[in-house]
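>>> whatever this is, show me its structure:
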Amino acid sequence: MSFTTIEQATPRLTRSILAVPGSTPALFEKAARSAADVIFLDLEDAVAPDDKEQARRNVIGALNDIDWGGRIMSLRINGLDTHYMYRDVVDVVESCPRLDMLLIPKVGVPADVYAVDMLVTQIEQAKNREKKLGLEILIETALGLANVEAIAQSSRRLEAMCFGAGDFAASTRARTPAIGGLNPDFGVLSDPDPEGQRHFYQGDLWHAAQTRMLVACRAYGLRPIDGPFGDFRDGEGFLAAARRAVVLGFEGKWAIHPSQIEPANRIFSPSAEDVDKARRIVAAMAQAAREGKGAVQIDGRLVDIANIRMAQNLLQKADAIAAFSKALAG
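Predicted coordinates for the structure are as follows:
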């Protein structure tokens, strides 16, 4: 490991992040009864300009009056380039001690995060707010991705980054048929085989951007989150996108429809087999340490300190899932 150590963000369970428009209060109670790990009440893209102020009032009432259980509550504010943003922050943060995080859209430079951090800090000090608010941001523009490493270091409040494929596609002029979906024209053509046949293999046009954001997150102690998959009727497409994200190392994925919550929770949860193996790795390494050994074999494979770190990470997530499930049931 490097001699440079990076402080990790506040640990939170974020397998599924349910988006709820602030302009549709009829959905609030349903969201509160869902199995989503995180709920973000949206004041930005899901709310028409004429409804912004009423949506803000709806959100304040919902955060103060509804029992949201033990889940994380987040608020997506309007962009820094709008005149709605400062009132989103001031009115909601001053009025809602239940709020856990602010989600900042379309972050392009570190100063965007700094500006919100400064405003939140002043509110906390003025109102003696006991709970320190966390920040998460959306990387969904070419400017944001170009500056993602610097943005990752912009604030001690920053906890997570989310990749937003829809606005990213608009920013980069990418051609995509649906938000978060793939394009059948994006792929590679193989060389001819002995019979002269060539085969086309579809590729993932989001992979490079997702990987760059993920590496910035992991380098600087943040949680990487995958954004929305727009066609909620395409369950197989959502599952495939979630599986690609979890394999890369993402912590969770947005759900824009309740039907996406269960598959997100399932995909981003360790399996019972993985948990059992992780416990055996930890136990075996503890025994090896007592015997002065640096590595052991489990199931015919060498296990060393890197494996124990991965096992410990997995067990921490399994414990958080168990605690959240117990809280929902109780």
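
>>> burial check on the nearest residue to A245 once chain neighbours are set aside, number of neighbours?
Distances taken as C-beta to C-beta, 6 or more residues apart in numbering place D226 nearest to A245, at 4.0 Å, with adjacent residues excluded. C-beta: built from backbone N, CA, C; applies to glycine. Burial of D226 is recorded as 28 neighbouring residues (other C-beta atoms under 10 Å).

>>> state the phi and psi torsions of D226.
Note on D226: its backbone torsions stand at phi -90, psi 140 [degrees, to the nearest 10].

>>> quick one: it and A242 touch, right?
Yes. With contact defined as C-beta atoms under 8 Å, D226 and A242 form a contacting pair (7.3 Å).

>>> what is in contact with the two at once?
Shared contacts of D226 and A242 (C-beta atoms under 8 Å, 6 or more residues apart in numbering): K253.

>>> that older thread, quick one: contacts for the residue nearest to A245?
D226 makes contacts with 162-163, 210, 241-242, 245, 250, 252-254, as judged by C-beta under 8 Å, 6+ apart.

>>> what pairs with it across the strands?
F163, K253 (DSSP bridges).

>>> which per-residue confidence value corresponds to it?
For D226, the pLDDT comes out at 98.

>>> cool, E149 as well?
pLDDT, E149: 98.

>>> equivalent analysis for the one 4 residues further on, please.
Among the per-residue scores, Q153 holds a pLDDT of 97.

>>> which residues does it contact?
Q153 sits next to 110, 220 when contact means C-beta under 8 Å, 6+ apart.

>>> the helices in the stretch 101-250 of the chain, which residues?
All helices of the stretch 101-250 of the chain, identified by DSSP state H, counting those that start in this stretch, fall at 110-127, 142-146, 148-152, 165-172, 207-219, 235-248.

>>> out of those helices, nearest to D88?
If you check each of those against D88 by C-beta to C-beta, helix 110-127 wins as the nearest, at 9.9 Å.

>>> helices and strands around that closest one, which ones?
Packing partners of helix 110-127 (3 or more C-beta pairs under 8 Å, 6 or more residues apart in numbering; DSSP states H and E): helix 85-95, strand 101-104, strand 134-139, helix 148-152.

>>> dump the C-alpha coordinates for the first one into PDB.
C-alpha atoms of helix 85-95 as PDB (Å, rounded to 0.1, in the frame of the first residue of the first chain):
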ATOM      1  CA  MET A  85     -30.600  25.900  -6.200                       C
ATOM      2  CA  TYR A  86     -29.800  28.200  -3.300                       C
ATOM      3  CA  ARG A  87     -33.400  28.100  -2.000                       C
ATOM      4  CA  ASP A  88     -33.400  24.300  -2.400                       C
ATOM      5  CA  VAL A  89     -30.400  24.100  -0.100                       C
ATOM      6  CA  VAL A  90     -31.400  26.800   2.400                       C
ATOM      7  CA  ASP A  91     -35.100  26.000   2.800                       C
ATOM      8  CA  VAL A  92     -34.700  22.200   3.000                       C
ATOM      9  CA  VAL A  93     -31.500  21.900   5.000                       C
ATOM     10  CA  GLU A  94     -32.700  24.600   7.500                       C
ATOM     11  CA  SER A  95     -36.100  22.900   8.000                       C
END
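
>>> pull out the buried residues from it.
85, 88-89, 92-93, 95 (16 or more other C-beta atoms under 10 Å).
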